[in-house]
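>>> Sequence and predicted structure are below.
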Amino acid sequence: METTWHEERMSVRGEDGCHLYAMAFAGEDEHAELRKKIREAFQVFDREGRHACDVREVGTIIRSLNIFPTEKQLQRWIHEIEEEEPTGFIVFEKFEALAVRLLTEEAMSHKRNTEDEILMAFQALDMDKKGYIEAEELERLITSYGEKFSEEEVKEMMTAAVDPETNKVYYEDYAEMLASE
């Protein structure tokens with residue numbers, strides 16, 4: 001039996017001289033593990049087994065796949081995969097196609113910042129090089145600039161970041177925690 005590869009199909013010449021063709025899905029094998037990971041993350045929120053999840057859960061699922069978009073990016077993606085007539089649900093097939101694209105083609109633009117990158121951002125805010133930022137200053141900065149956070153998100157961040165005894169954010173510790181989550 002002779003096997004030869006032609007572009008995206010495989011030709012196998014049988015003993016009787018006939019050719020048998022099979023499509024070679026190299027990309028399928030490459031993404032099989034990725035698709036499994038996506039399916040498992042999605043299934044956590046597909047409580048009724050309908051291959052659909054509540055649109056409000058999409059951000060949580062995407063973040064569980066280590067993709068960390070801005071709220072604006074997330075809304076754009078949701079709009080991209082919503083049905084023509086929005087039902088409040090996202091079907092798995094559309095979500096999977098988006099997630100595969102994000103995890104392969106666009107992977108580098110949605111990765112979590114490294115500890116060093118986070119540390120450098122805090123150091124830029126700490127003009128006096130004290131190693132900490134006052135809690136009030138951090139709260140002012142995160143509520144005044146950049147992407148808007150909900151009150152609940154701000155409270156959660158402040159609870160995690162602020163040393164309750166000193167009311168300061170020791171950013172080396174906080175940067176390490178943020179990078180490892």
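Arrived safely, thanks for sending. Keep in mind it's a predicted model, so treat the numbers as computed, not measured.
>>> rest of the way, CA atoms for contacts and neighbours
Will do.
>>> Could you report the pLDDT at Ala22?
Ala22 is assigned a predicted lDDT (pLDDT) of 36.
>>> in the chain, which helix has the most residues?
Ordering each helix of the chain by length in residues (DSSP state H) puts helix 26-43 first.
>>> And the contacts of the helix or strand following that helix?
Moving toward the C-terminus from helix 26-43, the next helix or strand (DSSP states H and E) is strand 52-54. By Cα atoms under 8 Å, 6 or more residues apart in numbering, the residues outside strand 52-54 that reach it are 42, 45-47, 88-92.
>>> any idea which of those has the most stuff around it?
Greatest neighbour count in the contacts of strand 52-54, by other Cα atoms under 10 Å, goes to Phe42: 25 neighbours.
>>> Quick check: the gap between that one and Thr70.
Look at Phe42 and Thr70: by Cα to Cα, to the nearest Å, they are 20 Å apart.
>>> Can you tell me which of the contacts of strand 52-54 is closest to Gln123?
Relative to Gln123, the closest of the contacts of strand 52-54 is Phe42; by Cα to Cα it sits at 37.7 Å.
>>> OK, contacts around that closest one?
Contacts for Phe42 (Cα under 8 Å, 6+ apart) come out as 53, 61, 92.
>>> For the last one, give its distance to Arg35.
Looking back up the chat, that one is Phe92. Distance from Phe92 to Arg35, counting by Cα to Cα: 11 Å.
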